[in-house]
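Participant: My questions concern the predicted model and sequence given below.
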Amino acid sequence: QVGMRQQWELGQALRRRYRDFLSDTYRRQEIFIRSTDCDRTLMSAEANLAGLYPPGGQEMFNPNISWQPIPVHTVPESDERLLKFPLAPCPRYEQLQTETRHSAEYINKTKENWQFLQMVAKETGIRDISLESIWSVYDTLFCEQAHKMDLPGWVTPEVMTRLKELKDFGFEFLFGIHNRVEKARLQGGVLLDHIRKNLTKASNASAHQNLKLLAYSAHDTTLVALQMALDVYNKIQAPYASCHLFELYQEDDGNFSVEMFYRNESGKEPFPLTIPGCQHKCPLQRFLELTDPIVPQDWEQECKVSSSMHDTELFVGLAVCGSILLLLIVLLLTVLFRIQSQPPGYRHVSNEGEEHA
């Protein structure tokens, strides 16, 4: 119920923020909600909407229920290509992750925490625990802690702090550390492209848009992927019920500007985010220019590993195989030569004895 309450409070906060923008009552033309096809994100969206649109008057279909049904749209998880990160399959992204694992920062981080990782592996029974997988340990313990459950004896406050630090690093590993911009094009840039198109469409006066609010209910990795693409990520895992806001304003001169806000703490107003290279109130065209390099032109094509890399790998593979084959031939010829050049020893004596017999 803690998560439900957090989302309900977020919905109420959005109602207060946009009370002069959204209609007092739910109008389906004004809002569209999209969620990943996961129970928890669908439930989060529904709890949020309960706070955003509390029913009143004719909306009360049952006087004992202060709630009204509002549609939440989704697609099957197998078809999800917008909100569930990391997006897959993407061979080029996997190649970048392999390169990241060989970066100095990743190697040094692993060395610094090797003994701690081994301790966690021993206490949890999880084999091959790493900087990439330790998030699952922290998540489990954090949830147990949030629900007032007793933690294992080895989980001290210091251990929880260190687990959180490593989890934050693991999130950064997914979308940064090495070649952040290219990773962004293959990951968070996909969602950003969708957001950019909606902002552009909303700024088109001839489109006569009734839609006022487009909301996504997704995951912490979704938010990290988006913020890493925008280069505004604070390197701290997003807490539950976090919210990244994009607001489009029309100025007095008719031009449009974009403002971003981030709400990561209940009870406090969202704080402003500024994309590097622009002021907080960023002109829409400038916003589009700055984000253009991190938006894929053809995601499927960019996810392919370039043929030159394939050719190089093939050449190296053939060279290695050729070298091994040559070594085997030389070894075989050497053995044959030694057999042929071996002195007769006492074999002639044995043969002569056999002839006299």
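Facilitator: Perfect, I can see it now.

Participant: The closest residue to residue 172 other than its chain neighbours: how many residues sit nearby?
Facilitator: Closest residue to residue 172 apart from its sequence neighbours, by CB to CB, 6 or more residues apart in numbering: residue 235 at 5.9 Å. All C-beta atoms are positioned from the backbone trio N, CA, C, and that covers glycine. Around residue 235 there are 13 other residues, counting by other CB atoms under 10 Å.

Participant: Distance from the chain centre to stretch 25-45, please.
Facilitator: In this view, stretch 25-45 has its centroid 21 Å away from the chain centroid, taken as CA atoms, centre = their mean, to the nearest Å.

Participant: end-to-end on that stretch?
Facilitator: Terminal residues of stretch 25-45 are spaced 18 Å apart (CA to CA, to the nearest Å).

Participant: just to revisit the earlier point, and the residue nearest to residue 172, what element?
Facilitator: If you go by DSSP states H and E, residue 235 is not part of any helix or strand.

Participant: Do you know the pLDDT at it?
Facilitator: In this prediction, residue 235 carries a pLDDT score of 90.

Participant: Next: the one 10 residues further on.
Facilitator: Here the pLDDT value assigned to residue 245 is 98.

Participant: three-state assignment of the nearest residue to it once chain neighbours are set aside?
Facilitator: Excluding its sequence neighbours, the residue lying closest to residue 245 (CB to CB, 6+ apart) is residue 261, at 4.3 Å. Residue 261 carries the three-state label strand when classified by DSSP: H, G, I helix; E, B strand; the rest coil.

Participant: Tell me what residue 261 is bridged to.
Facilitator: With DSSP bridges as the criterion, residue 261 is bridged to residue 245, residue 272.

Participant: burial measure for it, as a count.
Facilitator: Residue 261 has 16 nearby residues by other CB under 10 Å.

Participant: Quick check: it touching residue 232?
Facilitator: No - counting by CB atoms under 8 Å, residue 261 sits too far from residue 232 to count as a contact (10.9 Å).

Participant: Neighbours of residue 277, how many?
Facilitator: 12.

Participant: And it, how far from residue 187?
Facilitator: Distance of residue 277 to residue 187, computed by CB to CB, to the nearest Å: 21 Å.

Participant: what's the answer for residue 244, then?
Facilitator: 15 Å.

Participant: Alright, calling it a day.
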